[in-house]
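> Provide a 3D model corresponding to the input given below.
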Amino acid sequence: MSPGAATGGGSALGVDVGGSGIKAAPVDLAAGAFAAERVRVETPQPSTPAAVAAVVADLLARFPEHADVPVGVTFPAVVQHGITRTAANVDRSWIGTDAETLFSEAAGRPVVVVNDADAAGYAETAFGAAKGVRGVVLVTTLGTGIGSALVVDGTLVPNTELGHLEIGGHDAEKKAADSARERDDLSWAHWAKRLQRYYSHVEDLLWPDLIVVGGGVSKKHEKFLPLLDLRTPIVPAQLRNDAGIIGAACLAAAAARSAR
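Numbers count the residues shown, from 1 in each chain. Below is the predicted model of the structure:
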């Protein structure tokens, strides 16, 4: 999938809402890169819908030259048609919130809200490690849990939540996430055995053409990815911490084009 197919050029604003910080930047949709320096502020505590929406609106106002471009917000939750169905590392009052309406009213402009892993995965297919790969691409993020994004021929299949597959009687991410490696003080080789079991299970279900591994631990990919024996090519993510903002901006731009 070419960048042009993913974005159509121009610019859009991306916002990445996390449990500890909220980041925003305008994105050059042709280059898949920030068009200005990223701004970061602390996530308000408690991270209630009203408090977070106010912070997001303030961040958007800091880019007046991008007042008329699409806006995408990534959020750590399952997002169904703009409604947050879960809440990971944010206040539980988000569950059942119409986040798209909330953010749009706070910002005074249309806002598209997407799951954080979905945004990062979409960015990797448009501009990162999966650029130009057709077929089924699975992007996973290894961190506190296991996030997943599934993109088929350039189209995102949202909210896959494949970190919650049950493997050996356990929620997969409880055993195979990077937090499990740290919690159980595992060697890279021991952790790789857990990853092997997880990724083998996933590839038997999906038969992907490529698996991309993100998350902070992907910076050390040479310590564990070569230990995996899969039929599917598996590679480290390229965009890393920028992926969420870039993906949110791309998806917002695509939604704006579809609405015309």
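
> residues in contact with residue 128?
The contact partners of residue 128, by CB atoms under 8 Å, 6 or more residues apart in numbering, come to 32, 212, 237-239, 243. (Each C-beta comes from the backbone N, C-alpha and C, glycine too.)

> now, the most widely separated pair of the residues you listed?
The largest separation in the contacts of residue 128, counting by CB to CB, is between 32 and 212 at 14.8 Å.

> these two: which has the busier surroundings?
With neighbours defined as other CB atoms under 10 Å, residue 32 and residue 212 compare such that residue 212 has more, 29 against 23.

> can I get the one helix or strand the more buried one maps to in CSV, CA atoms only?
Here residue 212, judged by DSSP states H and E, is contained in strand 210-214. Output in CSV follows, covering the C-alpha atoms of strand 210-214 (Å, rounded to 0.1, in the frame of the first residue of the first chain):
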residue,chain,number,x,y,z
LEU,A,210,3.8,-10.4,7.8
ILE,A,211,4.0,-9.9,11.6
VAL,A,212,5.4,-6.6,12.9
VAL,A,213,6.5,-6.3,16.5
GLY,A,214,6.4,-2.9,18.2
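
> make residue 1 into 7 and carry on from there
Renumbered: residue one is now 7, and that last one reads strand 216-220.

> give the pairing partners of that strand; include direction for each.
Using DSSP bridges, the strands paired with strand 216-220 in its sheet are strand 142-148 (parallel), strand 240-242 (parallel).

> distance between the first one and the chain's centre?
Averaging C-alpha coordinates over strand 142-148 and over its chain gives two centres that are 10 Å apart (CA atoms, centre = their mean, to the nearest Å).

> one more: the shortest one?
Strand 240-242 has its C-alpha centroid displaced from the chain centroid by 16 Å (CA atoms, centre = their mean).

> who touches it?
So strand 240-242 is in contact with 135, 205, 216-220, 224, 227, 231, 234, going by CB under 8 Å, 6+ apart.

> include pLDDT when you put those into CSV, please.
CSV is the format used below for the contacts of strand 240-242 (pLDDT from 0 to 100):
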residue, pLDDT
135, 98
205, 98
216, 98
217, 98
218, 98
219, 98
220, 97
224, 97
227, 98
231, 98
234, 98
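
> could those go into TSV alongside distance to residue 181?
Below are the contacts of strand 240-242 laid out as TSV (distance: CB to CB, whole Å):
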residue	distance to residue 181
135	25
205	13
216	24
217	18
218	21
219	16
220	19
224	19
227	20
231	18
234	15
